[in-house]
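Peer 1: Here is my input, please return the structure:
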Amino acid sequence: MHSDCEDILLKDGSSQANIWGAGFMPVNQKITCDSLINIRPRQNRGMEIADDRIREQVTQVIIELLGGI
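Peer 2: I've put the predicted structure just below:
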C-alpha cells in the first residue's frame, strides 16, 4: 500500500513534500497518479497529483523503473 511505502521512505529520511503516490495498471498499460497519500492541504488538495510538472516527473520515474513501458 502507498501508506506503508510512505512510512518507510519517511523513516529513511525522505521529505514528505517529495513523496507521491501513483500506480500502474498492467492490463491497459496505464499510469495513474492518484493516492490517498497525495492529499496535503498546503500542497495538493485531492488524491490526484494536481501539479502538471510533478505528475510528469512521477510518470517518467515509473516509466524508467518499468523499463520504458
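
Peer 1: With only the CA atoms kept, save the helix or strand where D7 lies in PDB.
Peer 2: Secondary-structure element containing D7, defined by DSSP states H and E: helix 2-11. Only the C-alpha atoms of helix 2-11 are listed here, as PDB (Å, rounded to 0.1, in the frame of the first residue of the first chain):
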ATOM      1  CA  HIS A   2       1.100   3.500  -0.700                       C
ATOM      2  CA  SER A   3       1.000   4.500   3.000                       C
ATOM      3  CA  ASP A   4       3.300   1.600   4.000                       C
ATOM      4  CA  CYS A   5       5.800   2.700   1.400                       C
ATOM      5  CA  GLU A   6       5.400   6.300   2.500                       C
ATOM      6  CA  ASP A   7       6.300   5.300   6.100                       C
ATOM      7  CA  ILE A   8       9.400   3.500   5.000                       C
ATOM      8  CA  LEU A   9      10.600   6.400   2.900                       C
ATOM      9  CA  LEU A  10      10.000   8.900   5.700                       C
ATOM     10  CA  LYS A  11      11.900   6.700   8.200                       C
END
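
Peer 1: got the contact list for that helix?
Peer 2: For helix 2-11, contacts defined as C-beta atoms under 8 Å, 6 or more residues apart in numbering pick out 16, 19, 21, 35-37. For glycine as for every other residue, the C-beta is placed from the backbone atoms N, C-alpha and C.

Peer 1: Can you give the distance from that helix to the centre of its chain?
Peer 2: Relative to the mean C-alpha coordinate of its chain, helix 2-11 is positioned 12 Å out (C-alpha atoms, centre = their mean, to the nearest Å).
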